[in-house]
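Undergrad: Following is a predicted model, sequence given first.
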Amino acid sequence: MSRKTTSKSKAKKYKKSDKDSNRELVLKEDGQEYGQVLKMLGGGRLEAYCMDGQIRTATIRGSMQNRKSRVWINKDDFILVSLRTFENKKCDVVHKYTEEEVYTLRKKGHIPDRSIKEEEQDDDDDMDVIFENL
């Protein structure tokens, strides 16, 4: 006997859509910068390392937080932020990049080949202590 499925099946509700696979690549414009999430602060806020070398507090905009088109942002994700002209230490998250888009941006030279995590590990390796026999 085959298993019956109802119209309220959760499989249909949570099925992955193919709309992300063919979306257009969003590049930065004036007043925008690429960034990488360092940590989540809660309340729709996060700490991001922007590619201009500054660490900023970013706010996830409302259209990315609503119930129907919620975008889940995690640590080490690459994002596009909109810089504020009146506050240098704050910015707004405009777009989240998928892994394929990050690969494409790295290939085109918009994002450095190495992530922040890899750079921190290399900095730790430089602090080796060498003892000499006296």
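TA: Happy to help now that I have it.
Undergrad: Contacts for the top strand by length along the chain next, please.
TA: Ranked by residue count, the top strand of the chain under DSSP state E comes out as strand 32-42. Applying CB atoms under 8 Å, 6 or more residues apart in numbering, the contact partners of strand 32-42 are 28, 46-52, 55-58, 73-83, 91, 94, 105, 110-111, 115-116. Every C-beta, even on glycine, is put in place using the N, C-alpha and C of the backbone.
Undergrad: try it again with 7 Å
TA: If you take CB atoms under 7 Å, 6 or more residues apart in numbering as the criterion, strand 32-42 is touched by 28, 46-52, 55, 73-83, 94, 110-111, 115-116.
Undergrad: Stretch 73-89 too?
TA: With contacts defined as CB under 7 Å, 6+ apart, stretch 73-89 is touched by 26, 28, 31-37, 39-40, 46, 48, 50, 56-58, 60, 90-97, 102, 111, 115, 117.
Undergrad: Now do the strands in the protein.
TA: Assigned by DSSP E, the strands in the chain fall at 32-42, 45-50, 55-60, 78-83, 90-96.
Undergrad: Turn those strands into TSV, columns for mean pLDDT and distance to F131.
TA: Output for the strands of the chain, formatted as TSV (pLDDT from 0 to 100; distance: least, CB to CB, whole Å):
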stretch	mean pLDDT	distance to F131
strand 32-42	94	35
strand 45-50	94	35
strand 55-60	94	35
strand 78-83	95	41
strand 90-96	95	46
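Undergrad: re the thing from before, out of the contacts of strand 32-42, which end up buried?
TA: Buried members of those, scored by 16 or more other CB atoms under 10 Å, are 28, 46, 48-51, 73, 77-83, 94, 111, 115.
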